[in-house]
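Asks: just the structure for this:
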Amino acid sequence: MDWRVETRGREVIAYWEGDRAFLFHAGWGVDPPVLSVPSERAWDAVVPAWLLGRRDEVVERLRLQSGHVLEETDVGYAAGKGELRPVGSKDDAYAIAAAFLDSIPGIVGPWEPGRSVRSTTGGGSTTGIWSPSGTRRRFATAAPPSSSGGTRAS
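Replies: You can find the predicted model right below:
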């Protein structure tokens, strides 16, 4: 299996195998840079199934390729978080979006399955979800065409 280590922003290192990755927390602005990896005790509880039981192999690859000093931790990682993978279906995409929206209450509110609606009120169009409680979750807006025939920014 092909693998690689990639820096993603200032504080994230991605360990890739094929088209899947797991994200590790890194510290920047320190010398030497530090990469936090789940401890042996925490590893199997927080990594995806494809990394179970493979801590020594992955940690050695991170040590060789990341350019960081590795530091073990029991904090900052949680099961089901930190994995990048391709989306295989519409249902997978919906589940990912729903999990994300559920994780940020107060910004969007709980994500409730409902029917998709399209409204053209005010000349533009808005697509959203109506929840069973009747609360609308707006997620995409398109402006009406301008007089020149193009679209205008909203």
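Asks: need the distance between the two termini of stretch 65-75.
Replies: In stretch 65-75, first residue to last residue: 23 Å (C-alpha to C-alpha, to the nearest Å).
Asks: what comes up buried for it?
Replies: Buried residues in stretch 65-75, defined by neighbour count with 16 or more other C-beta atoms under 10 Å: 66, 68. Every residue, glycine included, has its C-beta placed from N, CA and C.
Asks: which residue ranges of the protein form strands?
Replies: Using DSSP state E, the strands of the chain run over 3-7, 12-17, 20-27, 34-38, 69-73, 83-84, 115-119, 125-130, 136-142.
Asks: just the CA trace of the third one, in CSV.
Replies: Read it as strand 20-27. Taking Å, rounded to 0.1, in the frame of the first residue of the first chain, the C-alpha atoms of strand 20-27 are listed here in CSV:
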residue,chain,number,x,y,z
ARG,A,20,-7.7,7.7,3.0
ALA,A,21,-6.0,9.8,5.6
PHE,A,22,-5.9,10.3,9.4
LEU,A,23,-5.1,13.8,10.7
PHE,A,24,-2.6,14.3,13.5
HIS,A,25,-2.3,17.5,15.7
ALA,A,26,1.0,19.4,15.2
GLY,A,27,2.4,22.4,17.0
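Asks: for it, packing partners?
Replies: strand 12-17, strand 34-38, strand 83-84 (3 or more C-beta pairs under 8 Å, 6 or more residues apart in numbering; DSSP states H and E).
Asks: 10 Å - rerun?
Replies: strand 3-7, strand 12-17, strand 34-38, helix 55-65, strand 69-73, strand 83-84 (3 or more C-beta pairs under 10 Å, 6 or more residues apart in numbering; DSSP states H and E).
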